[in-house]
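**Student:** I would like to see how this sequence folds:
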Amino acid sequence: MGKDSKAKESGGKGKGKQAGGGSEENASKGKGKAGKADGLGTCTYVKARHILCEKQGKINEAYKKLQDGWLSNGDKVPPAEFAKLAAEYSECPSGKKGGDLGWFPRGKMAGPFQDVAFNTPVGATSAPFKSTYGLNLVVSIKQLVCFSRF
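**Tutor:** Below you'll find the model as predicted:
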């Protein structure tokens with residue numbers, strides 16, 4: 001009995017330490033390109049549209065149209081209307097699809113763009129901002145949070 005109980009104790013303690021260390025290891029692995037992780041392995045995704053322009057004047061013109069039509073009244077820009085402006089103004093290939101970037105996780109987009117996309121409330125439109133590729137406007141369409149155990 002002494003031998004069995006000793007084996008169970010040391011096995012239980014060893015597994016407890018491994019499980020604790022393993023979960024920290026896995027939690028840190030979850031912080032990579034797949035998304036932001038907490039103890040549960042939470043990944044946040046956003047679905048967004050954008051308008052990308054090289055020139056300040058062009059992005060300001062697009063933003064003024066959004067302001068005149070909706071933003072100055074405190075309204076949200078209808079996705080179809082933003083898509084029309086993206087098709088007209090955006091210099092990104094996504095402009096042909098109404099600026100639709102689809103769903104993407106944290107870590108996929110370049111710095112400032114990612115920050116704006118994830119911090120813009122659902123349905124809201126950002127002010128023009130400079131990103132790695134030029135000047136942008138972003139409308140956040142939806143956000144998705146999923147939880148998984150690692």
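**Student:** got a list of contacts for the helix or strand residue 85 falls within?
**Tutor:** Assessed by DSSP states H and E, residue 85 sits inside helix 79-89. When contacts are defined by CB atoms under 8 Å, 6 or more residues apart in numbering, helix 79-89 is touched by residues 49-51, 53, 58-59, 61-62, 65-66, 69-70, 94-100, 125, 139, 141. Placement of C-beta: from N, CA and C, glycine included.
**Student:** Would you mark the buried spots in that helix?
**Tutor:** 82, 83, 85, 86, 89 (16 or more other CB atoms under 10 Å).
**Student:** want to throw those residues into TSV with distance to residue 109 and pLDDT?
**Tutor:** Converted to TSV, the buried residues of helix 79-89 look like this (distance: CB to CB, whole Å; pLDDT from 0 to 100):
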residue	distance to residue 109	pLDDT
82	18	93
83	19	94
85	20	94
86	16	95
89	20	96
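**Student:** that older thread, drop anything exposed from the contacts of helix 79-89.
**Tutor:** Buried subset of those (neighbour count, 16+ other CB under 10 Å): 49-51, 53, 58-59, 62, 65-66, 70, 94-95, 98-100, 125, 139, 141.
**Student:** Where helices are concerned, which of these count?
**Tutor:** 58, 59, 62, 65, 66 (DSSP state H).
**Student:** which residues of the protein score low on pLDDT?
**Tutor:** By pLDDT under 70, the weakly predicted segments of the chain are 1-43, 146-150.
**Student:** those strands in it, which residues are they?
**Tutor:** 43-53, 100-105, 129-131, 134-146 (DSSP state E).
**Student:** so which of those comes closest to residue 119?
**Tutor:** Of all these, strand 134-146 sits nearest to residue 119, with 8.5 Å by CB to CB.
**Student:** report the angle between the axes of that closest one and strand 100-105?
**Tutor:** 50 degrees (axes from the mean of the first three to the mean of the last three CA atoms, to 10 degrees).
**Student:** Check which residues of strand 134-146 are buried.
**Tutor:** By neighbour count on 16+ other CB under 10 Å, the buried set for strand 134-146 is 134, 135, 136, 137, 138, 139, 140, 141, 143.
**Student:** Beta-bridge partners for the second one, please?
**Tutor:** Spelled out, that is residue 135. The partner list for residue 135 in beta bridges (DSSP bridges) reads residue 53, residue 130.
**Student:** if I look at the residue nearest to residue 78 when sequence neighbours are not counted, how far off is residue 124?
**Tutor:** Nearest residue to residue 78, sequence neighbours excluded (CB to CB, 6 or more residues apart in numbering): residue 70, at 7.7 Å. Distance of residue 70 to residue 124, computed by CB to CB, to the nearest Å: 11 Å.
**Student:** Great, nothing more from me.
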